[in-house]
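only geometry, no sequence info:
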């Protein structure tokens, strides 16, 4: 994959202490203003900053997709191209663009099957979703060529964190605070690289099902509340897009009709709900209809 792309010359680091971290927008200093964040989020932030996020050996399609995106970014920069919406995240984002061959989650390939059943966002849309990614792995991709400084995009949308909750490789299960810290690390890096005129949006985590007792039914709402609060207090320039309740029934149960059978990934109806919230929040033109009428195979 080669070394990380070299950023522009570093500016002076932001002063430590309280207050907003909005000043990192467009900055290139190499250190996080961690002292500006509540102490509970700092460990997760530091871990995301320090962890190796490549995991290339475990997913054979990963390096090819990664390198294709880097090449696309380089060509777009030379041509002065601009995207209307850039989506950054994990499989929830990835699957908006792709359908799974034979409905098998392990069948992600470099050449995924283009989704024709999902409602589509209008304009030029770039999908930077990678199935299985956690926040620190998305951060690794951002730093290794997928988000060059000064990328021209009107809107930049981030949805990440649900895979962090399921981590089994740490001494203790991640807390909501750990995940919020990791998402903060990612958002700060994203904000550094994008120009002021780009609207940055952070999407709330969606409900996810599990065999009873469902621990996610408690931790995800808590995580969303904390993430929204930190954004309001420390990242006033980041738009919060709340979608959690849109994926619940009136009685508060998960709206399984919007999900595939694993109760983690969403189906074509779910993407329409998510897309409508983005259209509303970002003031976009209406969604474009699917290219075919029947939904993709359920897992």
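All right, it came through fine. These numbers were taken from a predicted model, which means no experiment stands behind them. Residues are numbered from 1 along each chain as shown.

Tell me where the stretch 151-299 of the chain has helices.
162-165, 176-193, 216-234, 268-282 (DSSP state H, counting those that start in this stretch).

Among those helices, pick out the one with the most neighbours on average.
helix 176-193 (a mean of 25; mean count of other CB atoms under 10 Å). Where C-beta positions appear, they are placed from N, C-alpha and C, glycine not excepted.

Could you dump the helices of the stretch 151-299 of the chain into TSV and include distance to residue 145 and mean pLDDT?
Shown next, in TSV, are the helices of the stretch 151-299 of the chain (distance: least, CB to CB, whole Å; pLDDT from 0 to 100):
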stretch	distance to residue 145	mean pLDDT
helix 162-165	22	94
helix 176-193	11	95
helix 216-234	27	94
helix 268-282	26	96
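
Contacts only, for the closest residue to residue 118 other than its chain neighbours.
The shortest distance from residue 118 to any non-neighbouring residue, by CB to CB, 6 or more residues apart in numbering, is to residue 271 (4.3 Å). Listed by CB atoms under 8 Å, 6 or more residues apart in numbering, the contact set of residue 271 reads 96, 118-119.

helices and strands around the helix or strand of the chain with the lowest mean pLDDT, which ones?
Ranked by mean pLDDT, DSSP states H and E, the weakest helix or strand in the chain is strand 113-114, scoring a mean of 73. Packing partners of strand 113-114 (3 or more CB pairs under 8 Å, 6 or more residues apart in numbering; DSSP states H and E): strand 98-99.

mean confidence for the strand it packs on?
Throughout strand 98-99, pLDDT has a mean value of 78.

from the chain's centre, how far out does it sit?
17 Å (CA atoms, centre = their mean, to the nearest Å).

Direction included, what does that strand pair up with?
Sheet pairing for strand 98-99, assigned by DSSP bridges, gives strand 113-114 (antiparallel).

Give me the residue ranges of the stretch 51-200 of the chain where confidence is low.
The model of the stretch 51-200 of the chain has pLDDT under 70 over residues 57, 100-112.

repeat that for 90
Applying pLDDT under 90 to the stretch 51-200 of the chain flags the ranges 51-65, 97-118, 131-132, 166-173.

any idea of the pLDDT on residue 17?
Here the pLDDT value assigned to residue 17 is 37.

what does residue 5 give?
37.

Quick one: neighbours of residue 56, just the number.
Neighbour count of residue 56, defined by other CB atoms under 10 Å: 11.

Could you report the separation of it from residue 152?
Distance, residue 56 to residue 152, by CB to CB, to the nearest Å: 28 Å.

rewinding a little: next helix or strand past the least confident helix or strand of the chain?
strand 125-129 (DSSP states H and E).

From the contact counts, what lies against that following strand?
strand 83-89, helix 91-97.

how far is that strand from where the chain is centred?
The answer for strand 125-129 is 10 Å, by CA atoms, centre = their mean.

next helix or strand past that strand?
Toward the C-terminal end, the helix or strand that comes next after strand 125-129 (DSSP H and E) is helix 135-141.

what helices or strands is that next one leaning on?
By 3+ CB pairs under 8 Å, 6+ apart, helix 135-141 packs against helix 42-50, helix 176-193.

What are the phi and psi values at residue 119?
The phi/psi pair for residue 119 (degrees, to the nearest 10) reads phi -60, psi 140.

From what I see, it and residue 291 are in contact.
No - contact criterion CB atoms under 8 Å: residue 119 and residue 291 do not qualify, at 10.2 Å.

These two: which is more packed in?
For the pair residue 119 and residue 291, the greater number of neighbours falls to residue 119 (20 against 11), based on other CB under 10 Å.

Now do the contacts for the more buried one.
Residue 119 makes contacts with 268, 271-272, 275, 287-290, as judged by CB under 8 Å, 6+ apart.

Could you rerun that using 10 Å?
Neighbouring residues of residue 119 by CB atoms under 10 Å, 6 or more residues apart in numbering: 96, 268-269, 271-276, 279, 286-290.

again with residue 114
97-99, 291.

and which of those is nearest to residue 170?
Distance ranking of these against residue 170, using CB to CB, places residue 98 first at 28.9 Å.
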